[in-house]
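Participant: test case, fold it:
(6 chains)
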Protein chains: 6
Amino acid sequence: MTETLRADGRTNDELRPITIERGWSDQAEGSALISYGRTRVLCTASFTNGVPRWMSGKGKGWVTAEYSMLPRSTNSRMDRESVKGKIGGRTHEISRLIGRSLRAVVDMKALGENTLVLDCDVLQADGGTRTAAITGAYVALADALEWGRTKKFISQKAQPLIDSVSAVSVGIIGGVPMLDLAYTEDVRADTDMNVVVTGRGKFVEVQGTAEAAPFDRSELDVLLDLAVKGAITLTEFQTSALER
Amino acid sequence: MTETLRADGRTNDELRPITIERGWSDQAEGSALISYGRTRVLCTASFTNGVPRWMSGKGKGWVTAEYSMLPRSTNSRMDRESVKGKIGGRTHEISRLIGRSLRAVVDMKALGENTLVLDCDVLQADGGTRTAAITGAYVALADALEWGRTKKFISQKAQPLIDSVSAVSVGIIGGVPMLDLAYTEDVRADTDMNVVVTGRGKFVEVQGTAEAAPFDRSELDVLLDLAVKGAITLTEFQTSALER
Amino acid sequence: MTETLRADGRTNDELRPITIERGWSDQAEGSALISYGRTRVLCTASFTNGVPRWMSGKGKGWVTAEYSMLPRSTNSRMDRESVKGKIGGRTHEISRLIGRSLRAVVDMKALGENTLVLDCDVLQADGGTRTAAITGAYVALADALEWGRTKKFISQKAQPLIDSVSAVSVGIIGGVPMLDLAYTEDVRADTDMNVVVTGRGKFVEVQGTAEAAPFDRSELDVLLDLAVKGAITLTEFQTSALER
Amino acid sequence: MTETLRADGRTNDELRPITIERGWSDQAEGSALISYGRTRVLCTASFTNGVPRWMSGKGKGWVTAEYSMLPRSTNSRMDRESVKGKIGGRTHEISRLIGRSLRAVVDMKALGENTLVLDCDVLQADGGTRTAAITGAYVALADALEWGRTKKFISQKAQPLIDSVSAVSVGIIGGVPMLDLAYTEDVRADTDMNVVVTGRGKFVEVQGTAEAAPFDRSELDVLLDLAVKGAITLTEFQTSALER
Amino acid sequence: MTETLRADGRTNDELRPITIERGWSDQAEGSALISYGRTRVLCTASFTNGVPRWMSGKGKGWVTAEYSMLPRSTNSRMDRESVKGKIGGRTHEISRLIGRSLRAVVDMKALGENTLVLDCDVLQADGGTRTAAITGAYVALADALEWGRTKKFISQKAQPLIDSVSAVSVGIIGGVPMLDLAYTEDVRADTDMNVVVTGRGKFVEVQGTAEAAPFDRSELDVLLDLAVKGAITLTEFQTSALER
Amino acid sequence: MTETLRADGRTNDELRPITIERGWSDQAEGSALISYGRTRVLCTASFTNGVPRWMSGKGKGWVTAEYSMLPRSTNSRMDRESVKGKIGGRTHEISRLIGRSLRAVVDMKALGENTLVLDCDVLQADGGTRTAAITGAYVALADALEWGRTKKFISQKAQPLIDSVSAVSVGIIGGVPMLDLAYTEDVRADTDMNVVVTGRGKFVEVQGTAEAAPFDRSELDVLLDLAVKGAITLTEFQTSALER
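Facilitator: Numbers count the residues shown, from 1 in each chain, chains lettered A, B, ... in the order given. Predicted coordinates for the structure are as follows:
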C-alpha cells in the first residue's frame, strides 16, 4: 500500500502536510488556523460563563459548533448562506458532527455551567474540511478551557478534557484504499468515510458512505485501519501545537 | 444474546413487529405505510418524466427524498418547520441519508431522464424513524419504477433497480448490543448506529455515533453483525409486500 | 334533487362515505383519522396545562389549529411549505378557520388555563379537506378535553364543550346545488360555500364564494339548506365515534 | 332599526361618511384614496401588458391584489411584515379576498393578455379596511382598464368590466344588526360579516363569522338585507367618482 | 447659478414646492405628510413609555426609524419587501440614516426612558425620498415629544429637542451643481450628495457619492454651500408647520 | 497634530501598520489578506466570463461586492447572519459601499461582458474594517483583471482599470482630528468619517456622521485633509504589493 500513485506524490497511507497555527486570533479565548495541505480552516473557541436558560441549574456545561465556508474558499464561487437566507443541509450536518465530536471528549460536569462555541470557518477548501475542522477545533477548545481555568470559571481540580480528538477521511478509489482525500480524490471515490478518533484510539464517529458502489465488510475493515493510523499522527500534531 | 431484558419483551437481536401496507395512497405512483412497532411512516414516491434543468441532456435520472415529522408524531408536540420558517439540521441530515440510500440501488442510466421524489412523513414516532423511512421508501420506489415502465417512460429492457435496500438501528445499552431501538432505548444508548444494507448484504451507509462513551473496534464489529441480521429479515418483509 | 348525475353515483344531497377512526394516534391526548370519501385527514389534539404568557392570569383557556397538506396528498406533488420557507395564504386561511370553528363550541372559562392545539394533516386530498378537518378535529378535541378532566387539569364540574361542530362544502355546478363536493366537482363549481354548523343547527361560519358567476339570494338559501342537512348526518357520525 | 345608539350618532343602517379621491397617485395607471369614516386606504392599479409565463398563450388576462397596513395605521404600532420577514395569515386572507372580488367583475377573455395588480395600502385603520379596499380598488381598476384601452392593449370593442363591485361589513352588536362597523363596534360584535356585492345586486362573497355566539338563519337574513342596502349607496359613490 | 435649465423651470439653487401637512394621521402621537414636489412621504411618530430591555435602567431614551416605499409609489411597480421576505440593502441604509439624523437632535437623557419610532412611508416617489423623510419626520417627532410632555412621560423641565434637522440632496449634472434633485435629474447626476443639516447650520451627515466620475475638493465645497442654503429654507417650512 | 496621545503610540496623522499579502488564496482569480493593525480582512476577487441576464448584450461588465464578519472576529462573539436567516443593515450598507467604490475605478465598457465579485471577509476586527476591505479588494481586483486579460476574456488593448482606490477612516476624538481609528477610538469619536479616495486624489465617497455632536465646515475640512494624506500612503502600499 506504499507505491506512489497519488497526484501529489503521497503514498496511500500518508497524510497531506499538516500545520496548526495556534492562537491565530487575538480576540478568541482559543484559536487555531489548521491546514491539511491546501485545506485551511480557522477555528475559534468562544468561552462564555453560564449556559442557555433551558440547561441552567443542572451544574453542567455545553459545547456546540458552527461550520461555514467562505464563498470563494472553493474553486468556483458559492453563494453565501446569509444571502440565500438559509443554511444548507450539508452545513447543518457538519456543524452537528463537529459539536458531537468535541462533546465526546468533554466532561460536562467538570466543565460546570459554562458554554463553548467552536466556529470553524473554511478559508480555503481542498477536501477534508470537516475533518480538519474537528482536529483544529480541539486545539482551540483546549486553549479556551485553559483560559476558563485561569479566569476561575472552571475550578482548579476539575478536568473537563477527558481525551483528545482528531478526524480524518479515508476512501476507496479505483479499488485502492487511501488516507486523507484531497478534493479531486474525494470526487472519484467509490466509498468515502469520515472517522473521528480519540487520542486513546476509540471511535467517536464512523460515517461511511457508498458513493458509487456499496462496500463489504473487509473494505470497511481496511478503511478503519487506515483512519486509526492517520489519527495517531494527527494527535501528535495537536500535542505538539499545545506544548509550544 | 437472547435472554429477555427489553421493555417490550423482545430479545436483543429481535426486530419490533414490522408491517408494510403497500399502496396506502391512491394519489402517488408508489406508496407504503410502514410500521416498526409504534413507529409509523407514510412513504410516497412521485414519478416525473424529465429531470431538473441542470441535469438534462445527460441521459440520466435523479432520485431524491424529503423526510418530515408531523408535529404530534412525538410524545410532546413539536413546532412545525413550516411555521418556524426553516428546516432543522436533523431533518436535512435524514432527508439526505434517505436519498443517498435509495440512489445506491438505482442505476441512473437505466432510469433515464426521469425524477423520483420520495416523501417520508412520520405519522407516529417511537425511535428508528429514519430506518423505517428507508425500508418503506424502497417499496414505494419499486412500485413507482414499475409505474414508469408501464407508462413507457422507462424502456422495457432497462433494469433501473439493481438491488434492494433496508435500514435498521443498533446500539449498546448498558454494555449490551441491541437491534432496532425503540425511543426509550435510543435515549439510554451509549452508542447508536444506523446501518443501511442492500439485499445482497453490502453496506450503503454506516453511521455510528458515540452518544456517551467512545466505542472500540470489537463493539463496532458486534453491532455490524446485529444490523446485517436485522436487514435480512427486513428484506424478506419488503419482498413479501412487493409480491402481493 | 335526488336523480343521479354525480361521477361517484351519489345523489345531489348525499355525503361521500364518512369514516372516523378515533384514537388513531398513541401519542396525542385526542386523535381521529377522518375520511370524506378519498379525502383523509389525521387530526390530533395536544393538551397543555397552562396558556401562552400574554393570556396568563385571566382564568381562560386557548384553542388553536394548524392545517397542512402532505406534499403528495394531491394528484401532483406540491413543494413542502417548510422547504419553501413560508406558509402560503391558503394554509393560513384554513388554519384560522379551523381554530375559530372549534373555539365557537368551547367555553374558555370552563376550560381554565389550558391550551389545546389541533393539528390537521391532510394525508390524502380529494376536495373538502378543510371541512373534514373541522369535523375530525372536533372528535380529537372532545377526547383531549376528557383527558384533561381525567388528569384534573379541568375541574369535574366544568363543561368546556358547549356544543358539537361539523362542516361541509356545498356548491352549484351547472346550475345544480350539490352537497360535499369532491375535487373534480369543486373545480367545476360556479359557486362554492363552506358552512360550519353546530350540533344544535346554528351557523359558526358561512363562507360563500362566487368562483365563476355571482350568486343571488335564492341560490344562497338552497345551499344553506343542503349544508344544514349534511351537518345533521355528520353530527351523527361524530356522536357515534365518541360513544364507541 | 333607525334610532340612534351608535357612538358616532349614525343610525343602524347608515354608512360612515364615504369619500373617494380618484387619481390620487400620479404614478399608477389607476388610483383612489378611499375613506369609510376614519378608515383610509390608498388603492393603486398597475397595468402590465402581458401575463405571467404559466398563463401565457391562452388569450386571457389576470387580476390580483395585495393588501397591507402601514405600521402606524392602527392605534398602537404594529411591526412591519417586511421586518418580521413573513406575511401574516390575516394579510394573506384579505389580499386573496380582494383579488377574488375584483376578478368576479372582470371578463378575462375581454381583458386579453394583460395583468392588473391592485395594491391596497391602509394609511389609517378604523374597522372595515378590507371592505373599503375592495370598493376603492374597483375605482382604480376601472381607470386602469380605461388606460389600457387608450394604449390599445385592450381592443376598442372589448368590455372587460362586466359589473361593478363594492363591499361592506355588517354585524350584530348586543342583539342589534348594524351596517359598516367602526373598530370599536367590530370588537364588540357577536357576529361579523363581510359581504361583497356587485352593482347588479348579486353576491360575490359572503363571509359570516360567529365571534361570540353562533347565529341562526333569521339573523343571517337580516344582515344580508343590511349589506345589500349599504352596497347600493357605495355603488352610487363609485359611479359618481368615475363620472367626474 | 440662477439661469433656468431644469425640466420643471426651477433655478439651480431652488427647492421644489414644499408642503407639510402636520397631524395628517389621527392615530399617531405625531405625524406629517410632506411633499418635495411630487415626492410624498407620510411620517408618523409612535411614542412608547419605556425602552427595550437591553437599554433599561440607564435613564436614557431611544429614537429609531423605518423607511419603506409603497409598491406603486414609483413609475413601475416594485415587489413588496414583505412578499420577498427580506428587506433590501437600500431600505436598511435609509432607515439607519433617518434614525441617526433624528438622534443627533435629541438629548436622550432629557427624553428619559421613552422610545420613539418614526415610520416614513413613501406614498409617491420622485427623487429625494430619504431627504423628505428626514425633514418630515422631524415635524412628527416634535409633536410626539410634545404629546409625551402632556402625558407627563417627559418632565416639564426637560428639553429633549436640542435643535431641528432637515435634509436635502444636491448633485452635479453635466458639470452644473443643482439643489434638490428630482428623479430624472438624480439618474443623470455625476455626483450625488445627501446632506443633513441642523437648524443651527451644523452637519449631521454628509454622504457624497461619485456616480459616474470622482469629484474634487472644489466641487464638494460648492455642493455643501448649496445644501446649506436649501436647509435654511426647509427649516423655515418646519418652523411654520409647527407654529400652526 | 503630531504629539503622541493615542493608545498605540501613533501620532494623530499616522496609519496603523499596514500589510498586504497578495495572492493569499490559491482558489480565487485575485486575492489579498490585508491588515490595518489588528484588523485583518481576506479579500478575494472572482472573475466570471459573462454578466447577469438583465445586463447582457450591452457590451458592459459588472463589479459587485459582499462584506461579512466571522462570528468571532470581534471581542465578543456575534451570531452568524446565515443562522439568523437575514443580513443586517450594516452588512448591506458596507457591501454596497465597497461595490460602488470599486466600480468608480473600473471602465465597464473596457471590462466587456465579464463579472467580478469581491468577497471581503473580516477575519479579525479592530475598527476600520470597511476601509481595509476597500483597499485590499482593489489589489484582488487588479489581479483578477490581469487574470481575465491572460485568459483573453478582456482584450489586450482594453484598460478596464482607470485609477486605483483606497479608503481610510478619520474622526474627531475629544476635539482632536485623528487618522485611521482603531475600535476603541471609533467608539469615543464625536464625528466619524469614511473617505474613499482614488490614486489621483479625487473623492469617490465621503461619508461623515456626527455620532455625538454635529460638526461644522472647518472640522469637515481638517478631516478631509487627514484622509487624503492617509490615502496617499495606502496607495503606495497597494502599488508596492502589486509590483512584487
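Participant: what are the buried residues along the helix or strand bottoming out on mean pLDDT in chain A?
Facilitator: One helix or strand of chain A scores below all others by mean pLDDT, DSSP states H and E: helix A:81-84, with a mean of 90. Judged by neighbour count (16 or more other Cβ atoms under 10 Å in any protein chain shown), helix A:81-84 contains these buried residues: A:Glu81, A:Ser82, A:Val83. (Glycine included, C-beta is placed from N, CA and C.)
Participant: mind putting the residues you listed into TSV with distance to F:Asn194?
Facilitator: Below are the buried residues of helix A:81-84 laid out as TSV (distance: Cβ to Cβ, whole Å):
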residue	distance to F:Asn194
A:Glu81	28
A:Ser82	23
A:Val83	23
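Participant: once you drop chain neighbours, what's closest to A:Cys205?
Facilitator: Check again: residue A:205 is Glu, not Cys. Excluding its sequence neighbours, the residue lying closest to A:Glu205 (Cβ to Cβ, 6 or more residues apart in numbering or on different chains) is A:Val196, at 4.0 Å.
Participant: now for the most far-flung residue of chain A relative to its centre: which residues touch it?
Facilitator: Relative to the C-alpha centroid of chain A, counting by Cα atoms, centre = their mean, A:Gly57 is the outermost residue, at 30.2 Å. By Cβ atoms under 8 Å, 6 or more residues apart in numbering or on different chains, the contact set of A:Gly57 is empty.
Participant: which SS class is it?
Facilitator: coil (DSSP: H, G, I helix; E, B strand; the rest coil).
Participant: still on that earlier bit, let me know the closest of the buried residues of helix A:81-84 to chain D.
Facilitator: Within the buried residues of helix A:81-84, the smallest distance to chain D is 13.5 Å, found for A:Ser82 (Cβ to the nearest Cβ).
Participant: now the closest one: closest residue in space, sequence neighbours ignored.
Facilitator: A:Ser82's closest residue in space is F:Glu81 (Cβ to Cβ, 6+ apart), at 3.8 Å.
Participant: so that neighbour touches F:Thr91, yeah?
Facilitator: Yes - between F:Glu81 and F:Thr91 a contact is recorded at 6.4 Å, counting by Cβ atoms under 8 Å.
Participant: which neighbours do these two have in common?
Facilitator: A:Ser82, F:Ser68.
Participant: paired strands for the helix or strand hosting A:Val170, with orientation please.
Facilitator: A:Val170 belongs to strand A:165-173 when elements are defined using DSSP states H and E. The pairing partners recorded for strand A:165-173 under DSSP bridges are strand A:176-179 (antiparallel), strand A:191-198 (antiparallel).
Participant: what sits up against the longest one?
Facilitator: Strand A:191-198 is contacted from outside by A:97, A:101, A:104-105, A:130-131, A:134, A:163-172, A:181, A:186, A:203-213, A:215, A:219-220, A:223-224, A:227-228, A:231, B:206, B:214, using Cβ under 8 Å, 6+ apart.
Participant: now those: which count as buried?
Facilitator: A:97, A:101, A:104-105, A:130-131, A:134, A:163-172, A:181, A:186, A:203-211, A:215, A:219-220, A:223-224, A:227-228, A:231, B:206, B:214.
Participant: residues contacting A:Asp216?
Facilitator: Counted by Cβ under 8 Å, 6+ apart, A:Asp216 has contacts B:Gly201, B:Lys202, B:Phe203.
Participant: out of these, which sit inside strands?
Facilitator: Of the contacts of A:Asp216, the ones assigned to strands by DSSP state E are B:Phe203.
Participant: tell me the SS of A:Gly5?
Facilitator: Wrong residue type there; residue A:5 is Leu, not Gly. coil.
Participant: got a list of what it touches?
Facilitator: Taking Cβ under 8 Å, 6+ apart, one finds A:Asn12, A:Val176 in contact with A:Leu5.
Participant: can we see that at 10 Å?
Facilitator: The contact partners of A:Leu5, taken as Cβ atoms under 10 Å, 6 or more residues apart in numbering or on different chains, are A:Thr11, A:Asn12, A:Ile173, A:Gly174, A:Val176, A:Met178.
Participant: which members of those are the farthest-apart pair?
Facilitator: A:Thr11 and A:Gly174 (15.4 Å; Cβ to Cβ).
Participant: so those two - more neighbours on which side?
Facilitator: A:Thr11 (13 against 9; other Cβ atoms under 10 Å in any protein chain shown).
Participant: wait, the more buried one sits on A:Leu179?
Facilitator: Yes - contact status for A:Thr11 versus A:Leu179: in contact at 8.7 Å, counting by Cβ atoms under 10 Å.
Participant: returning to what we had before: which residues does the residue nearest to A:Ser82 contact?
Facilitator: F:Glu81 neighbours (Cβ under 10 Å, 6+ apart): A:Arg80, A:Glu81, A:Ser82, A:Val83, A:Gly85, F:Ser68, F:Met69, F:Pro71, F:Ile87, F:Gly88, F:Thr91.
Participant: for the residues you listed, give me TSV that also has distance to B:Arg38.
Facilitator: Listed next are the contacts of F:Glu81 as TSV, based on distance: Cβ to Cβ, whole Å:
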residue	distance to B:Arg38
A:Arg80	42
A:Glu81	37
A:Ser82	41
A:Val83	43
A:Gly85	37
F:Ser68	46
F:Met69	47
F:Pro71	41
F:Ile87	44
F:Gly88	45
F:Thr91	47
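Participant: burial measure for the residue nearest to A:Glu205, as a count.
Facilitator: With other Cβ under 10 Å as criterion, A:Val196 counts 31.
Participant: picking up where we left off before, just name the most buried of the strands paired with strand A:165-173.
Facilitator: strand A:191-198 (a mean of 25; mean count of other Cβ atoms under 10 Å in any protein chain shown).
Participant: what segments of chain A are helices?
Facilitator: A:81-84, A:89-103, A:108-111, A:129-150, A:183-188, A:217-243 (DSSP state H).
Participant: separation between the residue farthest from the centre of chain A and chain B?
Facilitator: 20 Å (Cβ to the nearest Cβ, to the nearest Å).
Participant: which one is A:Arg244 nearest to, not counting chain neighbours?
Facilitator: A:Arg22 (6.5 Å).
Participant: name whatever forms a beta bridge with that neighbour.
Facilitator: Where A:Arg22 sits in a bridge, its partners, by DSSP bridges, are A:Ala32.
Participant: which ones are touching it?
Facilitator: A:30-34, A:43, A:136, A:139-140, A:142-143, A:238, A:240-244.
Participant: tell me how far it lies from chain F.
Facilitator: Applying Cβ to the nearest Cβ to A:Arg22 and chain F gives a distance of 15 Å.
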